[in-house]
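J.: Following is a predicted model, sequence given first.
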Amino acid sequence: MRLTTFGQCIQITFFPGVFPVNCYLVKEDDGATLIDTAFPSSANAIQQAAGSLGLSISRILLTHGHGDHVGALDQLRRALPTAEIMISERDSRLLSGDTSLDAGESQAKIKGDIKTCQTKPTHFLKDGDRIGSLQVISCPGHTPGHVAFLDERDGTLIAGDAFQTHGGIAVSGTLRPLFPFPALATWHKSTALESAKRLRALRPTQLAVGHGRVLNDPLDAIDRAIERGERNLRRSM
């Protein structure tokens, strides 16, 4: 496990050399917000990391419903019974194993590891919500209800799997041979690309993702990722 501090956040990385999976502690006045929960085996390490930093976890926010982002949710819920649990209403269905599609959505199959959880959300996240210092940004594509979080104190964007940086920066759905898993688990590529453009328009100062290291001053890298995504999408049409 690796801890990386940046801004008001701490990136917790599991299996950094093989299959890096990140979750984040965001410092707030009332404790810490945990974003994503990694693997089922990650619960104790997350709590120990928070404790070593003198942080108590007040709430858990989930970027989306894939198993490597909600894996330790049930264990953490039992350990932190008063913590708020928040995810988009759309992706909350994935927590119960429901992969059905709505009539207005692309009918592409939802991909990736869907882990059924016992935990029920206490609140649903909506685009534009503010949770502590974080603004909720809807960015579907990797999953139908994927969200990202913008720290309004310093412009840090915690983007979940809307982007990856491990194996080369990429928009969700763009295959990077050195780490292809986020692309293979993407529900709808063109929706993901439009979401990437929306996130870029926020002009983040730092980009923190579900898989890979944090990028400082990421706009040029994001532009290259969007251009690559557009080329790949045109070739596939």
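T.: Thanks, I have it. Numbers count the residues shown, from 1 in each chain.
J.: after the longest strand anywhere in the chain comes which helix or strand?
T.: When the chain is parsed with DSSP state E, its longest strand is strand 21-28. The helix or strand immediately downstream of strand 21-28 is strand 31-35, counting by DSSP states H and E.
J.: angle of the helix or strand just after that next one against strand 21-28?
T.: Proceeding N to C from strand 31-35, the next assigned helix or strand is helix 43-52, under DSSP H and E. When axes from the mean of the first three to the mean of the last three Cα atoms, to 10 degrees is applied, the directions of helix 43-52 and strand 21-28 differ by 30 degrees.
J.: tell me which strands and helices helix 43-52 is in contact with?
T.: If contacts are counted by 3 or more Cβ pairs under 8 Å, 6 or more residues apart in numbering; DSSP states H and E, helix 43-52 sits against strand 9-14, strand 21-28, strand 31-35, strand 57-61, helix 73-79. For every residue, glycine as well, the C-beta is placed using N, CA and C.
J.: And the contacts of that helix?
T.: The set of residues external to helix 43-52 that reach it, using Cβ atoms under 8 Å, 6 or more residues apart in numbering, is 1, 3, 10, 12, 14, 23, 25, 32, 34, 37-38, 56-57, 72, 75-76, 79.
J.: Pull out the buried positions in that helix.
T.: Residues of helix 43-52 classed as buried under the neighbour-count rule (16 or more other Cβ atoms under 10 Å) are 43, 45-47, 49-50.
J.: what's the average pLDDT for the longest helix along the chain?
T.: Ranked by residue count under DSSP state H, the longest helix found in the chain is helix 219-236. Averaging pLDDT along helix 219-236 yields 95.
J.: chain center to it, what's the gap?
T.: In this view, helix 219-236 has its centroid 20 Å away from the chain centroid, taken as Cα atoms, centre = their mean, to the nearest Å.
J.: cool, and stretch 22-32?
T.: On the basis of Cα atoms, centre = their mean, stretch 22-32 sits 14 Å off its chain's mean C-alpha point.
J.: Same question for stretch 77-91.
T.: For stretch 77-91, the gap between its own C-alpha mean and the chain's C-alpha mean amounts to 15 Å (Cα atoms, centre = their mean).
J.: do stretch 86-97 as well
T.: The answer for stretch 86-97 is 13 Å, by Cα atoms, centre = their mean.
J.: ok, residues contacting that stretch?
T.: Stretch 86-97 is contacted from outside by 59-62, 64-66, 70, 73, 99-100, 110, 114, 116-117, 119-126, 131, 138, 140, 143-147, using Cβ under 8 Å, 6+ apart.
J.: which parts of that stretch are buried?
T.: 86-88, 90-95.
J.: Just the C-alphas of that stretch, formatted as CSV.
T.: Listed in CSV are the C-alpha atoms of stretch 86-97, where the atom choice follows Å, rounded to 0.1, in the frame of the first residue of the first chain:
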residue,chain,number,x,y,z
MET,A,86,-23.5,8.4,-0.9
ILE,A,87,-23.6,7.3,-4.5
SER,A,88,-25.6,8.4,-7.5
GLU,A,89,-29.1,6.9,-7.5
ARG,A,90,-28.4,5.4,-11.0
ASP,A,91,-25.3,3.5,-9.8
SER,A,92,-26.9,2.5,-6.5
ARG,A,93,-28.8,-0.1,-8.5
LEU,A,94,-25.4,-1.8,-9.3
LEU,A,95,-24.9,-2.2,-5.5
SER,A,96,-27.9,-4.5,-5.5
GLY,A,97,-26.8,-6.3,-8.6
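J.: dump the residue contacts of residue 142.
T.: Listed by Cβ under 8 Å, 6+ apart, the contact partners of residue 142 are 64, 66, 160-162, 172-173, 182, 185-187, 192.
J.: I'd like these laid out as JSON lines, including pLDDT.
T.: Supplementary listing: the contacts of residue 142 in JSON lines, determined by pLDDT from 0 to 100:
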{"residue": "64", "pLDDT": "98"}
{"residue": "66", "pLDDT": "98"}
{"residue": "160", "pLDDT": "98"}
{"residue": "161", "pLDDT": "98"}
{"residue": "162", "pLDDT": "98"}
{"residue": "172", "pLDDT": "97"}
{"residue": "173", "pLDDT": "95"}
{"residue": "182", "pLDDT": "96"}
{"residue": "185", "pLDDT": "97"}
{"residue": "186", "pLDDT": "97"}
{"residue": "187", "pLDDT": "98"}
{"residue": "192", "pLDDT": "98"}
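J.: Having no further points to raise, I will conclude here.
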